[in-house]
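In: structure here, sequence nowhere to be found:
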């Protein structure tokens, strides 16, 4: 793996962690939003899995 690829991967991990922290904060402040956010995050995870499978080929 090149250095650029590792840096992009590290940036992606940081962004995902910040996004997860933001979602956790919103759900903590507004408990009624947990179900719609859960459905949205599930859709995002499915799409990320599909992209990962496509890029792995």
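Out: Good, I have the coordinates. Note that the structure is predicted; figures quoted are calculated from it, not measured.
In: what residue ranges in this protein score low on pLDDT?
Out: Scanning the chain for pLDDT under 70 picks out 1.
In: please repeat the previous calculation with a cut-off of 80.
Out: Within the chain, the ranges that satisfy pLDDT under 80 run 1, 57.
In: quick one: the helices in it?
Out: In the chain, the segments counted as helices under DSSP state H are 3-29, 34-56.
In: okay if I get those helices as a markdown table plus mean neighbour count?
Out: Backbone N, C-alpha and C define where each C-beta goes, glycine included. Formatted as a markdown table, the helices of the chain follow (neighbours: other CB atoms under 10 Å):
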| stretch | mean neighbour count |
| --- | --- |
| helix 3-29 | 11 |
| helix 34-56 | 10 |
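In: tell me the spacing between the residue sitting nearest the centre point of the chain and residue 32.
Out: Residue closest to the average C-alpha location in the chain (CA atoms, centre = their mean): residue 16, at 4.5 Å. Residue 16 sits 25 Å away from residue 32, going by CB to CB, to the nearest Å.
In: repeat for residue 7
Out: From residue 7 across to residue 32, the span is 39 Å (CB to CB).
In: now residue 43
Out: Between residue 43 and residue 32 the computed distance is 19 Å (CB to CB).
In: what does residue 9 give?
Out: In this view, residue 9 and residue 32 are 35 Å apart by CB to CB.
In: same thing with residue 21?
Out: 20 Å.
In: how about residue 46?
Out: Distance, residue 46 to residue 32, by CB to CB: 24 Å.
In: with residue 38 instead?
Out: Distance, residue 38 to residue 32, using CB to CB: 12 Å.
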